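1. fold the following and give me the result.
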Amino acid sequence: MEGIDRAGMWANLGARVVERGQGRAVVVADLRSDAHGFPTSRGTIVHGGAIAALADMALAAAAASLADGQAVTTVDLKVDFLRLARPGRLVAKGEVRRRTHRLCFAAAGIEGAEGEVVAEARAVLAYVR
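-> As a prediction, this is how the structure comes out:
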């Protein structure tokens with residue numbers, strides 16, 4: 001995953017892996033009002049698609065830590081949005097719950113700047129050669 005933070009959605013979200021271990025990863029992103037938010041009567045909030053993308057990044061990074069030379073691709077992603085997220089730094093913590101030969105089951109929590117959980121995600125990821 002070297003250099004991935006300079007391409008595609010990683011670059012768009014300003015995301016980067018800040019911690020990684022066996023079956024876990026922490027991804028931080030700096031989400032901006034102009035690129036990732038929209039105005040509401042309660043102020044600017046982060047679009048759910050940006051939060052889902054950040055969750056997917058943490059889930060895939062955690063799965064990739066167990067990949068053994070294989071590529072990782074998301075097969076299914078479920079995101080529960082628990083509260084509004086404001087623009088700024090968001091942290092996604094992904095963890096592998098189970099890995100089989102071809103699949104990985106993982107979960108992630110996405111936290112806002114104050115450490116509050118704004119979303120939770122679960123994914124099934126596939127290992128491909």
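
2. what comes up buried for the lengthiest helix in the chain?
-> In the chain, assigned by DSSP state H, the helix with the most residues is helix 48-64. Under the neighbour-count criterion of 16 or more other Cβ atoms under 10 Å, helix 48-64 has 50-64 buried. For glycine as for every other residue, the C-beta is placed from the backbone atoms N, C-alpha and C.

3. then stretch 23-41?
-> 23, 24, 25, 26, 27, 28, 29, 31, 36, 37.

4. among those, which one sits closest to residue 69?
-> Lowest distance from residue 69 to the buried residues of stretch 23-41 (Cβ to Cβ) belongs to residue 23, with 16.2 Å.

5. who touches that closest one in this structure?
-> Shown in contact with residue 23 (Cβ atoms under 8 Å, 6 or more residues apart in numbering): 62, 65, 66, 95, 96, 99.

6. kindly reformat these as TSV containing distance to residue 88.
-> Putting the contacts of residue 23 into TSV (distance: Cβ to Cβ, whole Å) gives the following:
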residue	distance to residue 88
62	23
65	27
66	31
95	24
96	28
99	33
